[in-house]
Every structure is written in structure tokens, then in C-alpha cells.
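S.K.: test case, fold it:
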Amino acid sequence: MGELPHPFESQRCIGTVTQVGPNSVRANLPRAGENGSRLHHGLRVGGGEVGEFVVIECDELAVFGRVLDVRLPERERLTVEPSLGSQDEIHPVGTVQLLATIDLSEMKAAAGIGRYPRLGGRIYSAHPELVRWLLADSESSKDDPHVLNLSFACLTDDHTVTLGVTPEQVFGRHCAVLGTTGGGKSWTVARLLEEATQHNSKLILLDATGEFWRLDSECVSHVTIGEGPSLPETAERVAFPHSDMVESDLFALFRPNSQSQGPKLREAIRSLRLVQRRSGMADENGNLVKRKKPRTPIERALAEEADYVESPRAFFSVRHLAKQIREECVRPYDWNDDTKFGDANQQDEGYCLPLMMRIESITSSADYACVFRTDGMTTIADSIEAFLEDGSAKILRISLQNVPFGNNAREVVANGIGRVLLDKARDGNFREQPLVVFVDEAHQFLNRTIGDDFLRVELDAFGLVAKEGRKYGLSICIATQRPRDIPQDVLSQMGTLIVHRLINDRDREVVERAAGEIDRSAAAFLPTLGPGEAIVIGVDIPVPMAIQVRKPTARPDSQGPNYQVFWSYPKTISASSLPNEEFGIVGMSQFEEREYELPNGDVVDGVTCLLEFEDASFEVGEGTIFSCGDFDWEVTELDDFDESITVKRV
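M.R.: Residues are numbered from 1 along each chain as shown. Model (predicted):
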């Protein structure tokens, strides 16, 4: 097998096949009863542990599998009880799931079972390098030394063996990173981003919570949408103006909720687009008045300006929208003259009054300044265009943490960004420079439906990217802790799944349906995965593989509150109570006024004192931090009269 170790080393033999089934074999695993594992050439040999990868000899082939369970025959069940006297020899048995076939002569791996093992076939613990090769195996990488790899993980039981996969294996057919809170989902996204920046890549990250702000490199650009605090400080505040929204976005935002409100809103938008082109038709307030006005001039102008009026992203003045809806509440014809619009329709106006009030409230709210008050601001479409044209930029992080949740604004803005990218993909912009868009907390955005039975709006931009973006060079990587909230037809488009710990049985069932390569036996491992551990499943990955994702350099800011810090009371230590066993302080002296340096480098004036420990001593003042045991403590108060200090955990 070239430079790879031969799979059938006698020292790695752990058992034999005793029964063969369609997707698993039963086996004798005599070494599973030994105390502890063995080492061979410095590498651990499990000897038949649950989850251990194995290879089974089958003539010129090797069948790759995984140990699912280990047990004793019923008659030997009590022989391992020390209280029953001396232990007799035990004969453990187990079940091995069959995953893939390896052709040893051609060094090729294929999912599925090309030939079944025979009774008595020997079972060997898989060498770590063989497992690594199996995950990274592909037709394009076997003989090409210049193949690109993303080395984002290692083996769960041997962290020295780095696992590398090609970008095609991860992103070629889209990717989903799934896992419950604390499972390592955000770390995986951050690590994939870091690995991709080692190459000539283009990546856009929709950061729903702002946790990826620590991505720090010259090739990373940060922009944030909405008013509010943002990190890093260099992030540029950008807008998503209403002129970049299509009609369905505005309907989702304003939520017309009856058969009357929807058509009136649509006509008001058309009228305002018309006066944008022909200002002479507007009154002194900027509205198009129809009441008792001739129909022909307005209808002729609408026909002549149809390209602009019917354009999905044509600009119009949104501050006149509520009043224009009122102007639309007229009878279609005058009672006495069919060539004119009729008088005001009080009934329609009453129906539309809640919509007008909602529009006035939303457009004047500070929360929506990024949508409706964007004069002079860079738009998100401009930022994306500049990023795509910048040859040195590799990641554009778009923070949505300041976009409000009310009135579906966050979903609408994210959906609009997805539509911008999809339009660019359909125009052929990504055929020679593929783009991968990462969507964190994807369950908030994918295929949301807004409205009621009379008017429903589908926010399906990212769903369409998943279904058709691949052929245009646009791939998507979604990350979510709620797989059950991702539409099944979208999740089924994900060619690669990186699945961290999943506790909810509905989430596991969703993964089973989406990935044909994983069955209930493999899914049973999902609730027991540790932090950072995951199972990789993919169309281009021969077998479902357990991996340990390596820690990213820029760790996401996704930690919950530190109760040990925030729930701890400050502690006061006085010189008269020394020695203090809790902190190990044996002396406190030299209280005096002088300059001292804070942790951030600032120099301030204040009272200081000398803290003495058994093996060290140093000067402290208010704001300084010292370590004691496994924790850091900040001096919050220093009293030179009582000769005491007050500290709190940080």
C-alpha cells in the first residue's frame, strides 16, 4: 500500500469473524477482556473497544468497519465479578458495522461492501494512518502532491494524526455543521474559515450573534448592520437600504394582513416609483394624488415608465409610503365620469389604517435606521462588490447582531443578502472564483414563511442557494443547533455533514433521514460525543468518520456567563489577619502613594502596597490583577488606614 502501513499486521489482530450479515458481522474479540490497551510501535491498539475502527481481511480486499458493541456470552456474564472468587478465562464477542471496502492492489476506497468477509476472517485494529488516508482519499488527491487540503481535525484517539480533506469534499456539494450548544459547532466553523484562508479563497460569513469578531487577519474584513455596539472596533457600519429589497421583502417587513392591505401597498409603491421618475406629477408633499384626477395621464405614464416602476429594486421615497396608501384608497371610477378616479373610499382607508400606522412606526424607528435612513452610508451590496473585487480579501464577515428581531427585520435582511449573492451567482460571477457563504444560526433564516392565509411571503433565498447555487460556483455552509428546524429538502442538499453532539432525538432522526450513510447504530454515538468531537458524513467521504476538530486560533466568543466570576462576592484581606491560607499571602506592607502600571499599560497615581507570598512578592494597587491558584483576582479597593485590600475574581 505504498507508504501506508499494511492493514493486516499480526500485532494488531484483535479477533475473528463468526457470523456475517448484510451490514455487520459478529466476531470473537478475545483481547476486549484484557485490562487496558496495548501499544505497538508507540501506537495504541484498542483491542476491541466500542467505536474502534477495524479492518477485516477478505482476499485482496480489506473491509473497513467499526465496533458497535462488546459483550460476554450469557454463560460467562458472572465470571468478571471479583466477589465470586477467581476469574475464569472469558471470551468476549461483539458486533462490527461494515462501512467501506479497500482495494489493496489499487489503493482505492469505496463506500459500501464490494465483497463480504468469510467466516473465520481475521479482524485487525485499523492503523491511524490508514484511517487518515481513508478520510482524505479521492481520485484527485492520490497522485497529485499539490492538492489543497483543509487540515481542520485529528483522530479522536490519536491527536497526532492530522486529518485533511479537500475543499471539494467539504464545500463541493454544500456543508452543514450541526450540534447542540457546547458541542463545538462554532469552533468547527472558525477552524474551517482559518484553514480556507491558507488558500486563495473567497468566503462570506453571516454572523448572527457577533461571536466571530475575533477573526483577525489582513485578509478579513468586518462590517456590521444596524445601530449598537460592534466588535472589533475596526468594523465598518453599513446599511441594507429598502431600495435593495424586493417587494416580497417589504411585504414581510410591513406585514399587510388582509385582502385589502396587500394590493393597496403594492399600488402605493408603484405610484411612488412613478413620481421618482416624473416629479412633476407629485403634489407638494411628494405623493401622487388620484382622487378625482383623470386616469389617462397616470396610466400612460405608468406604461411609459414600466421598466422602472415594475423593477424589483427601483428606488422610491419610503417616508411618503403611508400617505400614498391613503391616496390609493379611492374608488376606481368616478360616479359621473369614467375617465377619472373616484372619490375617497372611507371603507378601504379604514381597512388600511393599521398598515399605515405600522409603516410610520417602523420607518421612523431607530432600530430600522439601517434600512430606511441610509443617506451617505455604504450599502451591504457595495461592501460585497468591493470584497469580491479585492484580490487580497478572503473573508467578509457580516455581523447581524444589531439587526432587530422585531417585524422580521433580521430574517428579511439576511434573506436579502442571500438574494444578492444568488443574483450574482446567476450572472456568472463565481464560476472562476467560487464563493462559500457561511450562515451561522441558519435555523433563523432558512425558508421562513411570514404572513397569514391571505398573504404569505417565502424567505427562501438561502434555500435556493442550497438547491441551485452549486452549478454557479456558489456554495453554502450552514451551522445550526436545531437541525429539525432546517427544511428537509434543504438539509438533503448538504453533501457533507459535520455532526457534533446531538441530544434531541428529533434532531438525530433528521440527520438520519438527510444522510443515507448513517444508520441508527452510528447515530447512537451522537449523544456521547465530547466537546469538539464530531462525525463527518459525506457523499465524497467513504465512511462516516469520528474526528476531533482542532481548536481555532481565533476562538469564537460563544461562552456563556461565568457564574464563578459574576456570582462571587468580593473578599477583603487585612494585614492583621495574615497569614491568609486561602490566598497564600504571608505579608502585606509598604502602603504608600505612588505611580503604578495597570494591566492595559496605563500609568496611574494611587495607593499601593506590597503583597508577599511564600515564593514571590509584588506591588499592587486598585485595578491591578494577580493570580492565585487557578484564578485571577483584581484589586478593587486598597485602604491604607486599615491596611487591607479588597479583591474580586475576574
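S.K.: could you report the pLDDT at the nearest residue to residue 597 once chain neighbours are set aside?
M.R.: Once flanking residues are discounted, residue 597 sits nearest to residue 603: 5.4 Å by C-beta to C-beta, 6 or more residues apart in numbering. Every residue, glycine included, has its C-beta placed from N, CA and C. Note for residue 603: predicted pLDDT of 92.
S.K.: residue 603 reaches residue 623, doesn't it?
M.R.: No: with contact defined as C-beta atoms under 8 Å, residue 603 does not count as touching residue 623 (11.3 Å).
S.K.: quick one: which of these two has more around it?
M.R.: residue 623 (17 against 8; other C-beta atoms under 10 Å).
S.K.: wasn't that one part of a helix?
M.R.: No: using DSSP: H, G, I helix; E, B strand; the rest coil, the secondary structure at residue 623 is coil, not a helix.
S.K.: residues touching the closest residue to it other than its chain neighbours, list them.
M.R.: Using C-beta to C-beta, 6+ apart and skipping the chain neighbours, the partner closest in space to residue 623 is residue 598 (4.9 Å). Residues near residue 598 by C-beta atoms under 8 Å, 6 or more residues apart in numbering: 604, 623, 624.
S.K.: just the closest of those residues to residue 11, please.
M.R.: Closest approach to residue 11 among these (C-beta to C-beta): residue 624, at 57.6 Å.
S.K.: show me what contacts that closest one?
M.R.: Counting by C-beta under 8 Å, 6+ apart, residue 624 touches 596, 598, 599, 634, 635.
S.K.: list the contacts of the helix or strand that the last one is a member of.
M.R.: It stands for residue 635. Using DSSP states H and E, residue 635 falls within strand 631-639. The contact list for strand 631-639 (C-beta under 8 Å, 6+ apart) reads 564, 570, 583, 591, 606-609, 620-627, 644-650.
S.K.: hmm, back to that, and the gap between the residue nearest to residue 623 and residue 108?
M.R.: Distance, residue 598 to residue 108, using C-beta to C-beta, to the nearest Å: 62 Å.
S.K.: likewise for residue 617?
M.R.: 67 Å.
S.K.: and if you look at residue 194?
M.R.: In this structure, residue 194 and residue 108 are 31 Å apart, going by C-beta to C-beta.
S.K.: please say which of these two ends up with more neighbours.
M.R.: Shown here are residue 194 and residue 108; by other C-beta under 10 Å, residue 194 has more neighbours (19 against 13).
S.K.: roughly how far apart are that one and residue 645?
M.R.: Distance of residue 194 to residue 645, given as C-beta to C-beta: 42 Å.
S.K.: same check, this time on residue 578
M.R.: Relative to residue 645, residue 578 is positioned 11 Å away (C-beta to C-beta).
S.K.: show me the contacts for the spatially closest residue to residue 231 that is not a sequence neighbour.
M.R.: Distances taken as C-beta to C-beta, 6+ apart put residue 213 closest to residue 231, at 3.9 Å, once the chain neighbours are dropped. Applying C-beta under 8 Å, 6+ apart to residue 213 gives the contacts 207, 222, 230, 231, 232, 235, 397, 399, 557.
S.K.: how many other residues sit next to the closest residue to the second one other than its chain neighbours?
M.R.: Spatially, and ignoring its direct neighbours in sequence, residue 222 is nearest to residue 235 (3.9 Å; C-beta to C-beta, 6+ apart). Applying other C-beta under 10 Å, we find 17 other residues in the vicinity of residue 235.
S.K.: output stretch 321-335 as CSV, restricted to C-alpha atoms.
M.R.: The C-alpha trace of stretch 321-335 is given here as CSV (Å, rounded to 0.1, in the frame of the first residue of the first chain):
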residue,chain,number,x,y,z
LEU,A,321,-45.4,55.5,1.7
ALA,A,322,-48.0,55.7,4.4
LYS,A,323,-49.6,58.8,3.0
GLN,A,324,-49.5,57.3,-0.5
ILE,A,325,-51.5,54.3,0.7
ARG,A,326,-54.2,56.8,1.8
GLU,A,327,-54.1,58.3,-1.7
GLU,A,328,-54.7,54.8,-3.1
CYS,A,329,-57.9,54.4,-1.1
VAL,A,330,-60.1,55.9,-3.8
ARG,A,331,-62.8,54.4,-5.9
PRO,A,332,-61.5,53.2,-9.3
TYR,A,333,-64.0,55.3,-11.2
ASP,A,334,-66.0,58.5,-10.6
TRP,A,335,-69.7,58.0,-10.4
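S.K.: buried sites along that stretch?
M.R.: Neighbour-count burial for stretch 321-335, counted by 16 or more other C-beta atoms under 10 Å, picks out 321, 322, 323, 324, 325, 326, 327, 328, 329, 330, 331, 334.
S.K.: swap in stretch 230-250?
M.R.: Within stretch 230-250, judged by 16+ other C-beta under 10 Å, the buried ones are 230-231, 235, 237-242, 244-245, 248-250.
S.K.: which two in the residues you listed are spaced the farthest apart?
M.R.: 231 and 248 (32.4 Å).
S.K.: re the thing from before, among the contacts of residue 624, which ones are buried?
M.R.: Using 16+ other C-beta under 10 Å, the buried ones in the contacts of residue 624 are 596, 634, 635.
S.K.: distance to residue 119 and pLDDT added to the residues you listed, as CSV?
M.R.: Formatted as CSV, the buried ones among the contacts of residue 624 follow (distance: C-beta to C-beta, whole Å; pLDDT from 0 to 100):
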residue, distance to residue 119, pLDDT
596, 79, 92
634, 69, 93
635, 73, 94
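S.K.: adding distance to residue 388, write the residues you listed out as JSON lines.
M.R.: Shown next, in JSON lines, are the buried ones among the contacts of residue 624 (distance: C-beta to C-beta, whole Å):
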{"residue": "596", "distance to residue 388": "50"}
{"residue": "634", "distance to residue 388": "45"}
{"residue": "635", "distance to residue 388": "50"}
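S.K.: pick the one among the residues you listed closest to residue 490.
M.R.: For these, the nearest to residue 490 is residue 634 (47.6 Å; C-beta to C-beta).
S.K.: any weak-confidence spans in this protein?
M.R.: Where the chain drops to pLDDT under 70, the residues are 1-3, 83-88, 136-145, 258, 447, 451-455, 516-522.
S.K.: how about a cut-off of 50?
M.R.: The model of the chain has pLDDT under 50 over residues 1-2, 138-143.
S.K.: what is the nearest of the buried residues of stretch 321-335 to residue 302?
M.R.: residue 328 (13.2 Å).
S.K.: so what's the closest one up against?
M.R.: So residue 328 contacts 264, 267, 268, 271, 290 (C-beta under 8 Å, 6+ apart).
S.K.: mind redoing it with 10 Å?
M.R.: For residue 328, the contact set (C-beta atoms under 10 Å, 6 or more residues apart in numbering) comprises 263-271, 287-288, 290-291, 341, 345, 348-349, 352.
S.K.: over to residue 621?
M.R.: Contacts for residue 621 (C-beta under 10 Å, 6+ apart) come out as 593-598, 604-609, 635, 638, 645.
S.K.: same thing but 8 Å
M.R.: Contacts of residue 621 (C-beta under 8 Å, 6+ apart): 596, 604, 606, 607, 608, 609, 635, 638.
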